[in-house]
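*Asks:* Using only what follows, build the 3D model:
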Amino acid sequence: MQNSLNGKIFNDADDVKSHLIQFFAGKNQKFYEHGIMTLPERWQNVIDKNGQYLIE
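*Replies:* Okay, the predicted model is just below:
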């Protein structure tokens, strides 16, 4: 997502919303499957760090 935001200037919240809708609409099923399947591991990392902010 960061790459899709680089250099963008949004005039209002509607511009941001439109960009995000287009970004996620362009993702395939594997993108969503991967995100869902990594949730348990990611949540375990949060638990292991006592809720501290995680940077990937």
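*Asks:* Just give me the longest helix of the chain.
*Replies:* The residue-count maximum for a helix in the chain (DSSP state H) belongs to helix 13-25.
*Asks:* which strands and helices sit next to it?
*Replies:* helix 2-5 (3 or more Cβ pairs under 8 Å, 6 or more residues apart in numbering; DSSP states H and E). For every residue, glycine as well, the C-beta is placed using N, CA and C.
*Asks:* Show me the shaky parts of this protein.
*Replies:* Residues of the chain meeting the criterion pLDDT under 70: 54, 56.
*Asks:* Check the gap between Asn6 and Val16 for me.
*Replies:* Separation of Asn6 from Val16 (Cβ to Cβ, to the nearest Å): 14 Å.
*Asks:* no wait, Asn45
*Replies:* Computed as Cβ to Cβ, the Asn45 to Val16 distance reads 28 Å.
*Asks:* now Met1
*Replies:* Plainly put, Met1 is 12 Å away from Val16 if you go by Cβ to Cβ.
*Asks:* Looking at the two, which is more packed in?
*Replies:* Higher neighbour count among Met1 and Val16: Val16, with 13 against 9, using other Cβ atoms under 10 Å.
*Asks:* Phi first, then psi, for Asn28.
*Replies:* phi -90, psi 180 (degrees, to the nearest 10).
*Asks:* what's the neighbour count on it?
*Replies:* Using other Cβ under 10 Å, Asn28 is surrounded by 7 other residues.
*Asks:* Check the one 5 residues further on too.
*Replies:* The local packing count at Glu33 equals 10, with neighbours defined by other Cβ under 10 Å.
*Asks:* Does it belong to a helix, a strand or coil?
*Replies:* At Glu33 the chain is in helix, as set by DSSP: H, G, I helix; E, B strand; the rest coil.
*Asks:* Going by secondary structure, Gly7 is in what exactly?
*Replies:* Gly7 belongs to no helix or strand when assigned by DSSP states H and E.
*Asks:* Give me the neighbour count for it.
*Replies:* Using other Cβ under 10 Å, Gly7 has 6 neighbouring residues.
*Asks:* Thanks a lot, catch you later.
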